[in-house]
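Peer 1: missing the sequence, but the structure's below:
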């Protein structure tokens, strides 16, 4: 048979209740979805922030690598300069040793020449004395001859 008024009203009420439940579920799901979308947007913002930080760190790293390479080049240049200074110092030191040896030789030669000069002066002094005494003798002989 046909449904009665009461059964129809019950089915209708039950359907309305189920529909209200579905609507409530739909609304709860929409709220969950909206919350998830909010969290997704926040996460995307966080990700952009992290990407910005990574880019900043990469820039800082690149800058540091460039600075480090510059410092390394400067260190190599300084080491090269130090090698050049050392070579120059070694050359000057060798020149100094040669000069010292040459000076020693010249000093020895000067000492030998002075020794010869002193001997010659002694000889000249002796000759002078002999000449003076010969002159005295010649003068005495001339006096006597008069």
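Peer 2: Done, it's in. Just so we're clear, the structure is a prediction, and the values are computed from it rather than from any experiment.

Peer 1: Please report phi then psi for residue 137.
Peer 2: When quoted as degrees, to the nearest 10, the phi and psi of residue 137 stand at phi -60, psi -40.

Peer 1: helix or strand for residue 141, which one?
Peer 2: Using DSSP states H and E, residue 141 falls within helix 5-145.

Peer 1: Can you give me the neighbour number for residue 37?
Peer 2: A count of nearby residues for residue 37, using other Cβ atoms under 10 Å, gives 10. Placement of C-beta: from N, CA and C, glycine included.

Peer 1: And it, how far from residue 30?
Peer 2: When Cβ to Cβ, to the nearest Å is the yardstick, residue 37 and residue 30 sit 10 Å from each other.

Peer 1: again with residue 74
Peer 2: If you measure residue 74 against residue 30 using Cβ to Cβ, the figure is 65 Å.

Peer 1: What's the separation between the spatially most central residue of the chain and residue 13?
Peer 2: Centroid-nearest residue in the chain: residue 75, 3.9 Å away (criterion: Cα atoms, centre = their mean). Applying Cβ to Cβ, one obtains 90 Å for the distance of residue 75 from residue 13.

Peer 1: Residue 32 now?
Peer 2: Spatial separation of residue 32 from residue 13 under the definition Cβ to Cβ is 28 Å.

Peer 1: same check, this time on residue 38
Peer 2: When distances are taken as Cβ to Cβ, residue 38 and residue 13 turn out to be 37 Å apart.

Peer 1: again with residue 99
Peer 2: The span separating residue 99 from residue 13 equals 126 Å under the rule Cβ to Cβ.

Peer 1: what's the answer for residue 140, then?
Peer 2: The span separating residue 140 from residue 13 equals 184 Å under the rule Cβ to Cβ.

Peer 1: Neighbours of residue 18, how many?
Peer 2: Here the number of neighbours of residue 18 (other Cβ under 10 Å) works out to 10.
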